[in-house]
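Undergrad: no sequence on this one, just coordinates:
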């Protein structure tokens, strides 16, 4: 593993043959995943490096496993009455997470951390918790008890033992910040792969749209469909990403806040496409928990995102906003395609 990570930490820079535009690529490991940032155009090397540094700095800020991070400090003072000073960005991120928990109540909650710990998903000792342990952890899940005061610049958790985990939105936030760095540097063509979170800036250098594949949850070397995209983020969540098996039963890491168990919603994966990085990241998890019917009802109530749903019964549902720019490739894998309409 160390040898693989060392390879990815080597930046790769080279020139596009036959044109004046340079290309730079940074590959690195952070937020517990391999990431890459590929930038085209003048100043690509400096811009890619700056975007990488931005992402890595956010990992130090938001990780709850780093004892020096603001989130760890917030968690450490849970229940003792301390209002922990936060920077403005972290406060806004916490407020956003609380707002998402109200969109589809019971499907998203960043105070799920004690339950994640009970299952061992924070470390390597993954196991099914006993009923008492799970009940005690579930009693600590309540984002209403996360108090965020943006005017005072503080946040606090009201009950001892509570903890915040920003894993469901951290990569979306990192993508938004990295894109801002690139655009400030004048970049008009780039691809950011932050681990199941893909952001495309502009078209490719030849003027055509980026083609981004949505992986088959049963074999992520294959694709359900290929989407033609510009200036959006694509975020995918699925039970195939992190899981363990115990007594012949497979358990994945996307926990349903209503039950404390891995979500069993009839979906294998949810892909959200939006211009809003944070929304895409948060909704891919939220709608995976919610299930097909509620996910599509919620999509029909808004106009700021599109979906690709993969169901347990072998259907790939693509919402109509992606229809013209999508190529269904899942037929040979045994899937059938449906278009969802408003």
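TA: Okay, I see it. In this text the structure is predicted, and so the values were computed from the model without any measurement. Residues are numbered from 1 along each chain as shown.
Undergrad: so for the chain, the centremost residue is which one?
TA: residue 281 (4.0 Å; Cα atoms, centre = their mean).
Undergrad: what helix or strand is that one on?
TA: helix 277-290 (DSSP states H and E).
Undergrad: just the angle for the helix or strand just after that helix relative to helix 277-290, thanks.
TA: Later in the chain than helix 277-290, the nearest helix or strand by DSSP H and E is helix 292-300. Orientation of helix 292-300 against helix 277-290 (axes from the mean of the first three to the mean of the last three Cα atoms, to 10 degrees) gives an angle of 150 degrees.
Undergrad: quick one: mean pLDDT over the helix holding residue 281.
TA: Across helix 277-290, pLDDT averages out at 98.
Undergrad: what of stretch 82-96?
TA: 93.
Undergrad: quick one on the thing from earlier: touching, the residue nearest to the centre of the chain and residue 168? I think so.
TA: Yes. Using Cβ atoms under 8 Å, residue 281 is in contact with residue 168, at 6.8 Å. Any C-beta I mention is one placed from the backbone N, CA and C, and that applies to glycine too.
Undergrad: residues near residue 231, how many?
TA: 14 (other Cβ atoms under 10 Å).
Undergrad: strands of the stretch 101-250 of the chain, start to end?
TA: Secondary structure of the stretch 101-250 of the chain (DSSP state E, counting those that start in this stretch): strands at 146-149, 154-157, 190-193, 197-201, 210-216, 219-229, 232-238, 243-246, 249-252.
Undergrad: could you report the neighbour count for the closest residue to residue 201 other than its chain neighbours?
TA: Spatial nearest neighbour of residue 201, chain neighbours left out: residue 190 (4.2 Å); criterion: Cβ to Cβ, 6 or more residues apart in numbering. Neighbours of residue 190 under the rule other Cβ under 10 Å: 27.
Undergrad: check the separation of the first and last residues in stretch 236-245.
TA: 22 Å (Cα to Cα, to the nearest Å).
Undergrad: residues contacting that stretch, please?
TA: 120-121, 126-127, 196-197, 214-215, 217-218, 220, 250-254, 262-263, 267-272, 284-285, 288, 310 (Cβ atoms under 8 Å, 6 or more residues apart in numbering).
Undergrad: so who does the residue nearest to residue 201 touch?
TA: 37, 38, 39, 40, 47, 48, 179, 182, 200, 201, 202.
Undergrad: burial count for the residue nearest to residue 252 when sequence neighbours are not counted?
TA: Among residues not flanking residue 252 along the chain, residue 239 sits closest, at 3.4 Å (Cβ to Cβ, 6+ apart). By other Cβ under 10 Å, 21 other residues sit near residue 239.
Undergrad: pretty sure residue 107 contacts residue 283?
TA: No. Counting by Cβ under 8 Å, residue 107 stays clear of residue 283, with 9.7 Å between them.
Undergrad: neighbour-wise, which of the two wins?
TA: residue 283 (33 against 24).
Undergrad: point out where this structure drops to low pLDDT.
TA: 1-21 (pLDDT under 70).
Undergrad: domains for it, by residue range?
TA: Per automatic domain parsing, the domain ranges recorded for the chain read 1-64+169-203, 69-157, 209-342.
Undergrad: and of these, who's closest to residue 163?
TA: Among the domains of the chain, the nearest to residue 163 by Cβ to Cβ is domain 69-157 (3.7 Å).
Undergrad: ok so, going back, same list, the domains of the chain, but as JSON lines with distance to residue 163 please.
TA: Formatted as JSON lines, the domains of the chain follow (distance: least, Cβ to Cβ, whole Å):
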{"stretch": "domain 1-64+169-203", "distance to residue 163": "7"}
{"stretch": "domain 69-157", "distance to residue 163": "4"}
{"stretch": "domain 209-342", "distance to residue 163": "13"}
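Undergrad: tell me which residues in stretch 262-277 are buried?
TA: By neighbour count with 16 or more other Cβ atoms under 10 Å, stretch 262-277 contains the buried residues 262-263, 265, 267-274, 276-277.
Undergrad: so how far is that stretch from its chain's centroid?
TA: Here stretch 262-277 is found 10 Å from its chain centre; the criterion is Cα atoms, centre = their mean, to the nearest Å.
Undergrad: show the end-to-end separation of that stretch, please.
TA: 25 Å.
Undergrad: list the buried residues in stretch 294-304.
TA: 295, 296, 298, 299.
Undergrad: mind checking how far the second one is from residue 173?
TA: Read it as residue 296. Distance, residue 296 to residue 173, using Cβ to Cβ, to the nearest Å: 26 Å.
Undergrad: got it, and residue 184?
TA: Residue 184 sits 17 Å away from residue 173, going by Cβ to Cβ.
Undergrad: more neighbours: which of the two?
TA: It is residue 173, of residue 184 and residue 173, that has more neighbours when counted by other Cβ under 10 Å, with 25 against 10.
Undergrad: would you turn the contacts of residue 190 into a markdown table with neighbour count and distance to residue 66?
TA: Compiled in a markdown table, these are given as follows (neighbours: other Cβ atoms under 10 Å; distance: Cβ to Cβ, whole Å):
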| residue | neighbour count | distance to residue 66 |
| --- | --- | --- |
| 37 | 29 | 22 |
| 38 | 17 | 27 |
| 39 | 27 | 28 |
| 40 | 23 | 33 |
| 47 | 25 | 27 |
| 48 | 29 | 24 |
| 179 | 22 | 24 |
| 182 | 25 | 25 |
| 200 | 24 | 30 |
| 201 | 20 | 29 |
| 202 | 18 | 34 |
